[in-house]
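Visitor: Below is the sequence, then the predicted model.
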Amino acid sequence: MLSEAALLALKQAGESERVELKPSTAQGQAIRRAICSFANDLTGGGEPGLILIGLEDDGGCAELGDLDAVQQKVANWAHGGDILPLPDVEIYRRDLEDCPIVVAEVRPHEEPPVRYQGQAWVRVGSTNRRATPEQERRLTERRRGGDRPFDHRPAAGTCLDDLDIDYFRREYLPNAVSAEVLEENHRTTGDQLRSLRLITNDEPNQGAILVLGYDPAAHIPGAYVQFLRIEGAELADPIKDAKTLAGALPSVMAQLDELLDVHVQVAVDIEAGAREQRRPDYPVAALRQLVRNALIHRDYEATHAPVRVYWFNDRIEIHNPGGLYGQVTQENFGQGVTDYRNPLLAEAMHILGYVQRFGFGVPLARRHLRENGNPEPRFDFEATYVAVTVGAAR
């Protein structure tokens, strides 16, 4: 967070490679392009870019109005999923010479290229421009070395033959990169995978194996889901259905969706006046949010345990290997605070449509459960796992 004196000096110097002035949030697309451009840091200077909202082009005060609403809007733009991978943006208020403004401070991303709606943008002078193929190559080559999240690390001993390239071309690529960009450059499949961070050091990484691999569990032993439908309230009771769901994450999620639909039971109530009401014992939308959350945020590195979904007569338990991660704590869990043990997986699941908005899975699940008449879900947090228990509708 820059000091008031530093911001004042940047404001007085006007728009530049590091600074963009906006009178309001009316130019939402331009602000998102600027966030993307600053995150890409084409020049490699390593300094944050700044969007000063509430200032005219000449630096005059634009009378911004409700600063809280502006902060929230910019935060939603930065972290809503249109810009991937998620940028590191700090949003705060300042008074510059009695002019209240909102500052979006965008730090250079460690895993470029960053894209807004499938298109990489870069800062050239004081303007934001679509990245050329050559500029994208420069960004790809400038990724950080050293320690990486697990899903960015090379999957030793793998090659492109371990990936479903047809699925990548048919489903992943068109959703990750704009059609206009795909028409303009004719890259090899390897270059396309590398540009989307699915290749590290010339090998598919763990994220690519989990999302596109033919057999992820062969390389990551815990990469599967154990599903049990138990006829009773205890683990020792008879098992009505048992499934091991393996394969690439999109396939596992599709299999889970089918299982949830099969096992949800719908009660029919006939009210006075012969009006029929149908209510499931569990809302499928809530269960999908919770199991997808478990698959994306689990620890794939330090354990061989699967995600477990145990469906009893009176409740459902979802066990997720790995404790809370990063800035997420028991106190702020489920309140929109986000941090990612597996950032590449989170990005991929958003690209493929399994995540609509980052940080809202648990709040959405809670809302669906409440509206259906289910009790509040109970979350248990331990160092090695997170578990959620969902009770049947009352």
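Guide: Yes, it's here. Numbering: from 1, shown residues only.
Visitor: Low-confidence stretches in the stretch 151-300 of the chain?
Guide: Scanning the stretch 151-300 of the chain for pLDDT under 70 picks out 268-277.
Visitor: one more time with 80, if that's ok
Guide: For the stretch 151-300 of the chain, the stretches with pLDDT under 80 are 183-186, 267-278.
Visitor: Verify the contact between residue 197 and residue 348 for me.
Guide: No - assessed by Cβ atoms under 8 Å, residue 197 is found out of contact with residue 348, at 9.4 Å. Placement of C-beta: from N, CA and C, glycine included.
Visitor: how about the helices in the stretch 251-394 of the chain?
Guide: In the stretch 251-394 of the chain, the helices defined using DSSP state H, counting those that start in this stretch lie at 284-297, 343-351, 361-372.
Visitor: okay, the ones you listed in a markdown table with distance to residue 139 and mean neighbour count next?
Guide: A markdown table is the format used below for the helices of the stretch 251-394 of the chain (distance: least, Cβ to Cβ, whole Å; neighbours: other Cβ atoms under 10 Å):
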| stretch | distance to residue 139 | mean neighbour count |
| --- | --- | --- |
| helix 284-297 | 25 | 22 |
| helix 343-351 | 16 | 24 |
| helix 361-372 | 30 | 18 |
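Visitor: Return every residue with contacts to both of residue 197 and residue 348.
Guide: residue 207 (Cβ atoms under 8 Å, 6 or more residues apart in numbering).
Visitor: Tell me the spacing between residue 336 and residue 72.
Guide: 11 Å (Cβ to Cβ, to the nearest Å).
Visitor: circling back to that earlier point, which one of the helices of the stretch 251-394 of the chain lies nearest to residue 19?
Guide: helix 343-351 (27.7 Å; Cβ to Cβ).
Visitor: Please save the CA atoms from the closest one in PDB.
Guide: C-alpha atoms of helix 343-351 as PDB (Å, rounded to 0.1, in the frame of the first residue of the first chain):
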ATOM      1  CA  PRO A 343      -4.400 -22.000  -8.200                       C
ATOM      2  CA  LEU A 344      -4.100 -23.700 -11.600                       C
ATOM      3  CA  LEU A 345      -7.000 -26.100 -10.700                       C
ATOM      4  CA  ALA A 346      -9.200 -23.200  -9.600                       C
ATOM      5  CA  GLU A 347      -8.500 -21.400 -12.800                       C
ATOM      6  CA  ALA A 348      -9.100 -24.500 -14.900                       C
ATOM      7  CA  MET A 349     -12.500 -25.300 -13.200                       C
ATOM      8  CA  HIS A 350     -13.600 -21.800 -13.800                       C
ATOM      9  CA  ILE A 351     -12.600 -22.000 -17.500                       C
END
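Visitor: mind listing the strands for the stretch 1-150 of the chain?
Guide: 19-22, 49-53, 83-84, 88-96, 99-107, 115-116, 119-124, 127-130 (DSSP state E, counting those that start in this stretch).
Visitor: Oops, could you answer that again for the stretch 151-300 of the chain instead?
Guide: For the stretch 151-300 of the chain, the strands defined by DSSP E, counting those that start in this stretch occupy 199-200, 203-204, 224-230, 239-246, 266-271, 275-280.
Visitor: Would you format these as CSV with mean neighbour count and distance to residue 57 included?
Guide: CSV is the format used below for the strands of the stretch 151-300 of the chain (neighbours: other Cβ atoms under 10 Å; distance: least, Cβ to Cβ, whole Å):
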stretch, mean neighbour count, distance to residue 57
strand 199-200, 21, 42
strand 203-204, 20, 46
strand 224-230, 19, 54
strand 239-246, 14, 55
strand 266-271, 9, 59
strand 275-280, 11, 55
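Visitor: Now do stretch 80-95, average pLDDT.
Guide: Averaged over stretch 80-95, pLDDT sits at 92.
Visitor: same check, this time on stretch 28-46
Guide: Mean pLDDT, stretch 28-46: 94.
Visitor: again, but for stretch 304-322
Guide: 95.
Visitor: Go through that stretch and flag the buried ones.
Guide: Neighbour counts using 16 or more other Cβ atoms under 10 Å place 305-312, 315-322 of stretch 304-322 among the buried residues.
Visitor: sorry, back to before: possible to save the strands of the stretch 151-300 of the chain as CSV with distance to residue 160?
Guide: Shown next, in CSV, are the strands of the stretch 151-300 of the chain (distance: least, Cβ to Cβ, whole Å):
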stretch, distance to residue 160
strand 199-200, 9
strand 203-204, 7
strand 224-230, 23
strand 239-246, 21
strand 266-271, 45
strand 275-280, 43
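Visitor: Ok, which of these comes nearest residue 50?
Guide: strand 199-200 (30.9 Å).
Visitor: how many other residues sit next to the closest residue to residue 326 other than its chain neighbours?
Guide: Leaving out its chain neighbours, the residue that sits closest to residue 326 by Cβ to Cβ, 6 or more residues apart in numbering is residue 339, at 3.0 Å. Residues lying near residue 339 (other Cβ atoms under 10 Å) number 13.
Visitor: do you know how far residue 339 is from residue 373?
Guide: Counting by Cβ to Cβ, the gap from residue 339 to residue 373 is 32 Å.
Visitor: now residue 117
Guide: Applying Cβ to Cβ, the value for residue 117 to residue 373 is 38 Å.
Visitor: May I have the beta-bridge partners of residue 203?
Guide: Counting by DSSP bridges, residue 203 is bridged to residue 200.
Visitor: Can you give me the domain boundaries for this structure?
Guide: Here the chain is described, according to automatic domain parsing, as comprising the domains 4-130, 145-212, 224-391.
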